[in-house]
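Engineer: Got a sequence here, can you model it:
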Amino acid sequence: QERLASPDCAEKGWLLDGFPRTAVQAQALKDAGINPDVVLYLNVPDDMLIERVVGRRMCEETGRIYHVKFDPPPPELEGKLIQRSDDTAEKAKVRLEQFHEHLGAILDAYKDVSVEIDGTQSKKDVFAQVKAALAK
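Structural biologist: This is a model prediction of the structure:
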């Protein structure tokens, strides 16, 4: 709450990634006077999300994220990348179950400001839709 009240957030705006995750958290934000102008819902099928998560790799040195299929690392980084411990299909499925359990309540809480975006499109098209939603 304190961070969102800071001058840079007041001037430039703010982004909460993956929060709130429950109706209780959404209500706590509302009670604190924190009301987003836009809530983006990137709709992506579970199997696609799991593929994206399981293929992520991170360079420990730079923190850069690669994907073994969609954004492969350069050959010189082979053997130097790590996979986060929670980037497994099993853990992703648990997170997705929790997500689906609470999604309806979150979308209901923000029905007047939510925008659904088809996250299966190209990065360029998703970005264009996000940009358009934020410009409203």
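Engineer: Any idea how far the longest helix belonging to the chain is from the middle of the chain?
Structural biologist: Longest helix in the chain, counting residues (DSSP state H): helix 89-109. Per C-alpha atoms, centre = their mean, to the nearest Å, the displacement of helix 89-109 from the mean C-alpha position of its chain is 12 Å.
Engineer: hmm, who's touching that helix?
Structural biologist: For helix 89-109, contacts defined as C-beta atoms under 8 Å, 6 or more residues apart in numbering pick out 20-23, 26-27, 30, 39, 41, 46, 49-50, 53-54, 86, 114. (C-beta placed from N, C-alpha, C; glycine too.)
Engineer: in the protein, which spans are strands?
Structural biologist: Secondary structure of the chain (DSSP state E): strands at 39-43, 56-59, 65-67, 81-82, 114-118.
Engineer: rewinding a little: where is pLDDT lowest across the contacts of helix 89-109?
Structural biologist: Within those, residue 86 has the lowest pLDDT, namely 91.
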